[in-house]
Structure formats: structure tokens, C-alpha cells
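*Asks:* just the structure for this:
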Amino acid sequence: MVQDPSARMSADHRSIKSIKNNPHFSRWGLFDAYTSLKTGEKFTFSSLSSNRKIKVPVNGDKFFNKHIAVVGSTGSGKSHTLATIIQKAVSEKDGEYKLNNSHIIIFDIHSEYKAAFPTANYIDIDNLKLPYWLLNSEELEELFIDTEANDHNQKNVFKQAIVNNRKMHFTGDQNQKEKIHYDSPLFFDINEVLTYVSNRNNEKHSNNEILWKDENGEEFKFDDDHLYKLFSAKLTPSGKSASGCMNGKLINFLNRLENKINDKRFDFILGEKAKNTTFEETLADLLGYSDGKKSNVTVIDLSGVPFEVLSITVSLISRIIFEYGYYYKRLRFKNNPDEKLNNDVPILLVYEEAHKYVPNSDLTMYRSSKRSIERIAKEGRKYGITLMLASQRPSEISETIFSQCNNFIAMRLTNPNDQSYVRKLLPNTLGNLIDKMPSLRAGEALLIGESVVLPSIVQINECLMPPSSSDIPFWKLWKKEWKNIDIPNLKKEWYK
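*Replies:* Here you go, the predicted model:
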């Protein structure tokens with residue numbers, strides 16, 4: 001049954017009236033409410049659904065410096081909404097210059113946003129370089145160790161190998177060398193670590209001492225003075241007894257480590273280019289300062305990242321950006337003790353399909369990304385790092401993260417669990433507005449939050465360049481002449 005537009009408009013006005021009758025809003029007239037913001041504060045990306053002539057602004061500062069949630073079922077218009085908001089944000093200027101100071105990083109899991117931001121700093125699996133040595137201990141163990149096995153031998157040997165290898169390659173102030181630890185963001189050679197683990201897996205002892213022979217046949221003890229030899233070449237154990245040693249106990253870990261290092265799918269994080277990328281290059285790429293090409297928007301296309309390392313990849317990037325905010329604040333206050341502004345280059349992190357990175361789950365595979373993003377949700381605002389979470393399944397998102405959002409764009413939601421979940425997070429003063437979520441049309445949304453003067457049902461403006469997420473016209477395409485698929489080229493792309 002088609003709904004009568006006049007009845008729909010009437011329902012919209014009744015919904016708004018129910019809010020206006022609330023004591024909190026009784027002093028506002030409808031038009032006065034929407035025009036109450038000062039010109040410099042206004043950020044507008046929608047109009048009133050029942051009257052498109054009435055623009056619905058938000059307070060730009062309150063909108064972006066508090067976390068944002070965009071929720072809606074598939075086909076409700078989430079991707080277009082994100083594109084509209086970001087395109088509008090990067091186009092606003094206080095003067096005559098090419099780029100404003102907006103900095104936005106989009107985690108694009110379905111390769112949708114290159115079309116919407118053709119001049120963006122575009123990073124995909126072909127040019128993504130994330131040095132493994134920037135991973136913290138939790139991320140390293142998630143990548144290389146079977147954490148479900150809870151094998152303390154693996155963890156201890158791996159930790160010893162990384163800490164000692166970092167020290168071996170450290171060329172800075174030698175007084176700082178002893179301060180190097182498992183989480184130090186310093187280079188270590190993963191192939192040398194593999195050699196070390198291989199040697200430790202073969203160790204034996206004689207007379208309570210672990211003994212080795214080097215490539216020259218010289219026997220030596222396993223101690224700090226000779227530790228470097230275990231990283232350089234495969235050695236021959238000189239001991240006789242295997243009891244009490246690692247002999248054979250690391251074989252599963254060794255195989256896992258070797259397989260990961262040799263897996264070409266992981267070249268973006270374990271390959272030679274990633275290995276030799278500097279910290280400065282990595283940070284510049286993520287912030288949009290790479291090779292002198294400045295860009296307001298960085299699109300990180302994760303569609304080619306293997307699922308096994310998706311969580312780790314998101315975790316590393318998110319953590320680097322959070323720590324950028326933390327250390328940039330420290331640097332600013334160090335240079336100017338009277339500084340009042342925590343960060344003059346704030347960043348918005350946009351997580352498309354957020355339930356895939358931060359699900360409401362305790363599974364090990366999501367642990368690192370959940371921890372990184374939850375930390376940003378709880379502390380990032382202090383350092384100029386905010387989140388925009390987009391999801392078709394809000395009930396599957398970590399409640400810790402979702403509960404930190406202060407601004408909501410709730411589009412059509414048909415799943416009862418998702419409706420109930422969103423309802424719990426929104427105030428009770430919304431009258432029957434929230435009941436309309438299942439019947440919202442594509443592009444319509446309930447706009448509410450600290451930045452919004454009056455909660456409203458709005459129509460999101462059309463974006464200038466839409467993302468490649470539009471519905472496929474099945475029926476039109478099916479009626480056309482049979483199309484041939486180039487399967488050999490498809491295979492070539494598939495097997496990259």
C-alpha cells in the first residue's frame with residue numbers, strides 16, 4: 001500500500017510537534033530553532049524531510065568534535081550520507097586557498113569511495129605499506145602466535161627474539177638501549193627472528209648448559225655475549241640432552257611464522273617495501289602528506305586485505321593516528337606551555353561497516369582492532385581524534401564504542417534488534433520520531449545529537465560525486481544481450 005504524501009507530511013509535523021511540546025524545546029519556534037546557530041557555526045548537509053526548503057544545520061564544532069554514528073539497513077543511503085558530509089566538510093573555507101585544514105581518513109572495506117573522492121590520497125593493497133615492526137606486542141602475537149593454544153614457550157621465545165633484535169639494530173643513544181622493550185616502535189628483522197626461533201627449536205644442553213657450534217665449528221654458550229649468533233645463521237646444537245630445552249617444542253610456532261613471512265598476500269605488511277619503510281613515511285602517507293601531495297581525504301581501500309589480518313591492519317592504523325594526536329599535543333605544549341588548543345590539525349576517522357572491525361564479540365581475531373578503536377572512543381577527543389561509525393547492524397557493534405557517540409544519523413532500520421539497540425541509546429524525549437525508522441525512505445534519517453538544535457526527520461543532500469555503492473539495475477542488465485566475461489584476466493586479478 002502506497003503511503004499518502006500528505007499523511008506522511010502530517011505525521012512529520014506531529015512528530016516535530018511532540019518534541020516542541022517537550023519543556024526542553026518549548027521556547028523554540030520551528031524556523032527560529034533551525035536559524036538560531038551563528039553563521040560561522042553552521043554545517044548543513046540536509047533539509048527537513050517534510051519541507052525541503054527548510055535547511056537543517058548542525059553546530060559544526062559539536063558535530064565533529066564528538067563521535068558520530070550513522071546507522072541504517074542496506075540500501076538506506078549510508079554511503080551517500082558519508083560522502084555528502086565529507087565532501088561538504090572539505091569544501092568549506094574561511095578564506096581563498098586550495099585546501100582547508102580538514103583531515104579525514106576513510107576505512108573503505110568495499111572499495112566504494114574512490115569514485116566519491118577522485119583527488120583523495122588513495123591507498124589500496126597495491127601501494128599500502130605498513131611496517132610490521134610498528135605492531136605492538138598484542139598485534140604481533142595475534143599475527144604470528146596461535147593465541148588459542150596459550151603456549152607460554154612460544155610467547156617467551158618470541159618476545160626475547162624481538163626485544164634482543166631491536167637492540168641489535170638500534171643505532172641511537174646507547175644509554176637508551178636498555179630501555180628498549182617489546183612495544184618499542186623500533187626496527188627489527190623478522191627473518192632474523194625466524195632464524196632465532198629455528199635455532200631455539202633445536203637447542204639441547206650438556207651439564208645444564210645450552211651449547212652451540214657456529215659455522216666455523218667453534219663451540220659457545222647460550223648467553224648475552226653470544227646471543228647475536230642465533231640471529232645470523234642456522235646453528236648446530238652441541239648439547240646432547242633434550243630434556244628441559246625447547247628442542248622440538250616450537251615446531252608449530254616455527255611453521256606458522258615461516259608460512260606468514262612467505263605468504264605473498266601479506267607483502268603489504270611483511271614484504272621488503274614495508275620492512276624498509278620509515279616511520280615518517282608511514283605517518284605522512286596516512287595523514288595525507290605523502291610525497292608532497294597534500295590531501296584532505298585519505299581513502300584506505302581494505303577490500304584487498306586478507307581477512308586474517310584485517311583486524312590487525314585496522315588496529316595498527318588506528319593506533320598510529322591516536323598516538324599521533326597524543327604526541328602532537330605533547331609537542332605543542334612543550335613548544336608553548338601557554339597553549340590552550342590540544343590539536344590544531346584534528347582528524348576524523350570514518351569506519352565503514354564498523355561491525356566488521358569492532359563487533360560486540362570477544363573473539364581473539366577482533367581483539368586488537370577493538371582495543372585500539374575503543375581507546376579512541378574513550379580518549380581520542382582529548383587529542384583531536386574523533387570517530388564516525390557507519391553500520392547496517394548497530395546491535396553488533398561494541399557497546400563501549402557505540403555508547404560514546406554523541407551525534408546520530410539513524411536511517412531506515414528494519415531489524416527489531418537494531419531498532420531496540422538504537423532506541424536504548426537515544427533520549428526518551430523523541431516522541432514517536434524513533435518509531436518511524438522502519439518506514440524511512442532512502443536518504444531520509446533521524447538527525448539527533450548534541451550538535452542538533454532540534455531532533456528532526458531530514459533528507460540528506462545529494463552528494464556531488466556518489467560512491468560506487470548504488471544499487472545494480474538487475475532487471476535492466478538482464479534484459480540486455482549476453483555479455484562475455486574475460487575469465488583468464490579475471491583469474492590474473494584474483495591470483496595477484
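*Asks:* buried stuff in stretch 206-215?
*Replies:* For stretch 206-215, the neighbour count (16 or more other CB atoms under 10 Å) marks 210-212, 214 as buried. The C-beta positions use only the backbone N, C-alpha and C, and glycine is treated the same way.
*Asks:* same thing with stretch 441-460?
*Replies:* Buried, per 16+ other CB under 10 Å, within stretch 441-460: 443-449, 451-460.
*Asks:* and stretch 320-337, how far from the chain's centre?
*Replies:* 20 Å (CA atoms, centre = their mean, to the nearest Å).
*Asks:* same question for stretch 428-437.
*Replies:* 31 Å.
*Asks:* so for it, mean pLDDT?
*Replies:* The predicted model assigns stretch 428-437 a mean pLDDT of 72.
*Asks:* and what of stretch 100-112?
*Replies:* For stretch 100-112, the per-residue pLDDT averages 94.
*Asks:* which parts of that stretch are buried?
*Replies:* Buried-residue list, stretch 100-112, by 16+ other CB under 10 Å: 102-109, 111-112.
*Asks:* equivalent analysis for stretch 277-290, please.
*Replies:* Result for stretch 277-290 [16+ other CB under 10 Å]: buried residues 277, 282-290.
*Asks:* what about it, distance to the chain center?
*Replies:* 16 Å.
*Asks:* could I get that stretch in PDB with only the CA atoms?
*Replies:* The C-alpha atoms that make up stretch 277-290 are tabulated as PDB, following Å, rounded to 0.1, in the frame of the first residue of the first chain:
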ATOM      1  CA  THR A 277      59.500   2.000   5.100                       C
ATOM      2  CA  THR A 278      60.400   4.600   7.700                       C
ATOM      3  CA  PHE A 279      58.100   5.700  10.400                       C
ATOM      4  CA  GLU A 280      58.000   9.200   8.900                       C
ATOM      5  CA  GLU A 281      56.900   7.900   5.500                       C
ATOM      6  CA  THR A 282      54.200   5.800   7.100                       C
ATOM      7  CA  LEU A 283      52.700   8.600   9.100                       C
ATOM      8  CA  ALA A 284      52.900  11.000   6.100                       C
ATOM      9  CA  ASP A 285      51.000   8.500   3.900                       C
ATOM     10  CA  LEU A 286      48.200   8.100   6.400                       C
ATOM     11  CA  LEU A 287      47.800  11.800   7.200                       C
ATOM     12  CA  GLY A 288      47.800  12.900   3.500                       C
ATOM     13  CA  TYR A 289      51.200  14.400   3.300                       C
ATOM     14  CA  SER A 290      52.900  11.800   1.100                       C
END
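*Asks:* part of a helix, is residue 423?
*Replies:* Yes. The assignment for residue 423 by DSSP: H, G, I helix; E, B strand; the rest coil puts it in a helix.
*Asks:* ok, residue 437 - contacts?
*Replies:* 410-413, 419, 422, 446 (CB atoms under 8 Å, 6 or more residues apart in numbering).
*Asks:* flag the least confident of these.
*Replies:* residue 422 (81).
*Asks:* distance of that one relative to residue 120?
*Replies:* Using CB to CB, to the nearest Å, we find residue 422 at a distance of 30 Å from residue 120.
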